[in-house]
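>>> Structural data only, the sequence is not supplied:
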């Protein structure tokens, strides 16, 4: 995924196709069934690897949004501080008289400062909305990752049982894939 859209598939749809309930180890260990278990293992490893990458990417995007929110809040606070300082500096506390030109200048400066504050507030609203969307997507991806992990662990167990039962047509490939899975699991 590119990190910008929530997949329409539910986690069940994503990993459901990887489960082959008709394959059981221990009865009629023929090449076709061996390949089915091996293929299920390979597919589930790919789905798991993709899910892990998607989860990492979504987490990084959310962290970036959180950083942007912090920066936007800081900018908003600075703009408010500028406004308060400007207001205090231009207050008419001592009965000073102000002509129309001065009032226009005060209004122009005030408007610029308040427009900047409005822009900061709009940016914060956009970031908060974006964060809500990304949190929702992250939760979805966590479910996909969890299910992919469960399916792959079942496929790994089936493959290990198949290996132990004496099927050796692809034992070398299986050993490499299991080693890759063990390394992947601990990364």
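Done, it's in. The shown structure was predicted, so the numbers you read here are calculated from the model rather than taken from an experiment.
>>> Residue 157 and residue 164: what is the separation?
Distance of residue 157 to residue 164, given as Cβ to Cβ, to the nearest Å: 10 Å. C-beta coordinates here come from the backbone N, C-alpha and C atoms, glycine included.
>>> I should have written residue 36 there, sorry.
17 Å.
>>> the more surrounded of the two?
residue 36 (16 against 10; other Cβ atoms under 10 Å).
>>> quick one: what helix or strand has the more buried one in it?
helix 31-89 (DSSP states H and E).
>>> now for that helix, which elements pack on it?
Packing contacts for helix 31-89, counted by 3 or more Cβ pairs under 8 Å, 6 or more residues apart in numbering; DSSP states H and E, involve helix 11-16, helix 100-164, helix 171-185.
>>> what about 7 Å?
Judged by 3 or more Cβ pairs under 7 Å, 6 or more residues apart in numbering; DSSP states H and E, helix 31-89 is in contact with helix 100-164, helix 171-185.
>>> Could you look over those helices and pick the most buried one?
Using mean count of other Cβ atoms under 10 Å, the stretch among those with the greatest mean number of neighbours is helix 100-164 (a mean of 16).
>>> quick one, that one and helix 31-89 angle?
Inter-element angle recorded for helix 100-164 and helix 31-89: 160 degrees (by axes from the mean of the first three to the mean of the last three Cα atoms, to 10 degrees).
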